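Enquirer: I'll drop the sequence and a predicted model, then ask my questions.
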Amino acid sequence: MSVLRRSDIIRRYNKNQSINLGESVEKRYARRMVNESLESLASDELFDIFLSHSYEDARVVKQIKDMLSDKGYSVYVDWIEDDHLDRGEVTEETAEVLKSRMDRCGSLIYLASQSAESSVWMPWELGYMDAKTGRVAVAPVLNDDENFEGREYLGLYPYLDLTVDDFYVHRSESDFAGLDRWMHGAKI
């Protein structure tokens, strides 16, 4: 299984930055810059991908969003598009906004990382999108010294390989489809 190594993603992220800031300053800066560029975002905008993730992985999330966007996919990331949400608390308002956004997304990519293990929202997002679209893929994001074991229910889903120029969704080494084909219904 091809997995994303956190160090590779962070290296790509840093390479794409004009200046490198400390992580907390960088998160604020990235949020402000993206929000400024997305001020005209309509609440009924359709997205190809809902990126389910832990905010603790913000730099990784931003880089993966950019990688997917560079390939022409529209990607929803809650703290970028809806920065007013408080994902640290489970509230009806946040759940309604997330459901509304997921209803406008064609698929979900679940970024499985150490931080994801403690997320209160990610399993809920995964279940909601699985029931809604059946288009859910897991993208393991690992530290250099980790192997992907993940929670057992994650094994029910195909995994997304973002390690090459073209992205593929795999059930096994020989059973896969390009991300675009999979998003449009290809069976694997």
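Expert: In hand now; what should we look at? Treat the numbers as computed from the prediction; the structure is a model and nothing was measured. Residues are numbered from 1 along each chain as shown.
Enquirer: who are the packing partners of the one helix or strand residue 49 maps to?
Expert: Using DSSP states H and E, residue 49 maps to strand 47-52. Counting contacts by 3 or more C-beta pairs under 8 Å, 6 or more residues apart in numbering; DSSP states H and E, strand 47-52 is packed against helix 58-70, strand 75-76, helix 92-102, strand 105-112, helix 122-132. All C-beta spots, glycine's among them, are computed from the backbone N, C-alpha and C.
Enquirer: so which of the ones you listed is the most packed in?
Expert: strand 105-112 (a mean of 24; mean count of other C-beta atoms under 10 Å).
Enquirer: neighbouring strands for that one, and are they parallel or not?
Expert: Next to strand 105-112 in the sheet, as set by DSSP bridges, lie strand 47-52 (parallel), strand 136-142 (parallel).
Enquirer: rewinding a little: take the helices and strands packed on strand 47-52 and write them to JSON lines, including distance to residue 144 and mean pLDDT.
Expert: What follows is these, written out as JSON lines (distance: least, C-beta to C-beta, whole Å; pLDDT from 0 to 100):
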{"stretch": "helix 58-70", "distance to residue 144": "13", "mean pLDDT": "94"}
{"stretch": "strand 75-76", "distance to residue 144": "26", "mean pLDDT": "98"}
{"stretch": "helix 92-102", "distance to residue 144": "32", "mean pLDDT": "92"}
{"stretch": "strand 105-112", "distance to residue 144": "16", "mean pLDDT": "96"}
{"stretch": "helix 122-132", "distance to residue 144": "23", "mean pLDDT": "96"}
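Enquirer: out of these, nearest to residue 10?
Expert: helix 58-70 (6.0 Å; C-beta to C-beta).
Enquirer: what comes into contact with that closest one?
Expert: The contact list for helix 58-70, computed with C-beta atoms under 8 Å, 6 or more residues apart in numbering, reads 4, 6, 9-10, 12-13, 16, 23, 26-27, 30, 34, 48-49, 51, 53, 55, 75, 77, 79-80, 109, 111, 113, 139, 141, 162, 167.
Enquirer: now swap in stretch 89-107 and tell me
Expert: With C-beta under 8 Å, 6+ apart, stretch 89-107 has contacts from 43-50, 76, 78, 81-82, 85-87, 108, 120-121, 124-125, 128-129, 132-133, 135-137, 182-183.
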